[in-house]
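Participant: sequence and predicted structure below; questions after.
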Amino acid sequence: MNAFSKNYYKILRYHSIESIISDRNSVSLINFVNQLQWLKENKYEFIQINKLLNLIKNRKHKELRKKIVITFDSGYKNFIEVGFNVLNKYNIPATIFLVTEMIGKKAYWIVRGKNHYI
């Protein structure tokens with residue numbers, strides 16, 4: 001039984017989409033696309049986070065089935081360069097949580113010796 005065998009909503013959190021995986025917070029472009037395609041093929045519905053919160057708040061439990069929310073934490077530059085285009089192609093909404101004080105700078109946290117631009 002896999003994690004998606006139940007029909008409850010899921011929130012998928014991503015940080016970075018890269019051609020070469022540099023750490024556990026990165027996903028390759030190929031894997032990212034494959035994940036989105038699998039979810040679409042298995043009839044999951046991608047929704048905005050505010051819609052999910054409204055469904056929960058209004059106790060519309062049946063409507064929560066097979067809902068997916070995509071989030072990107074930190075706001076790495078590769079979201080704009082890669083992730084946005086993929087999501088746009090598949091018409092999938094996403095929520096980005098930016099570290100606003102770091103916009104345009106290198107992230108001060110280091111991922112295996114590699115700085116990421118925000």
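Facilitator: Happy to help now that I have it.
Participant: tally of neighbours for Phe79?
Facilitator: 23 (other Cβ atoms under 10 Å). (C-beta placed from N, C-alpha, C; glycine too.)
Participant: ok, it touching Phe72?
Facilitator: Yes - under the criterion of Cβ atoms under 8 Å, Phe79 makes contact with Phe72 at 5.1 Å.
Participant: now do the phi/psi pair for Val33.
Facilitator: phi -60, psi -40 (degrees, to the nearest 10).
Participant: measure the nearest residue to it once chain neighbours are set aside to Asn58 for me?
Facilitator: Distance criterion Cβ to Cβ, 6 or more residues apart in numbering; nearest residue to Val33, sequence neighbours excluded, is Val86 at 6.1 Å. Shown here: Val86 relative to Asn58, a distance of 31 Å by Cβ to Cβ, to the nearest Å.
Participant: who has more neighbours out of these two?
Facilitator: Val86 (16 against 9).
Participant: residues touching that one, list them.
Facilitator: 17, 29, 32-33, 36 (Cβ atoms under 8 Å, 6 or more residues apart in numbering).
Participant: pLDDT at it, what is it?
Facilitator: Confidence at Val86, expressed as pLDDT, is 94.
Participant: helix, strand, or coil at it?
Facilitator: Classification of Val86 using DSSP: H, G, I helix; E, B strand; the rest coil returns helix.
Participant: ok, it to Ile49 distance?
Facilitator: For Val86, the distance to Ile49 - Cβ to Cβ - is 18 Å.
Participant: what does Gly75 give?
Facilitator: In terms of Cβ to Cβ, Gly75 sits 15 Å off from Ile49.
Participant: and if you look at Ile11?
Facilitator: 8 Å.
Participant: common neighbours of the two, please.
Facilitator: 69, 71.
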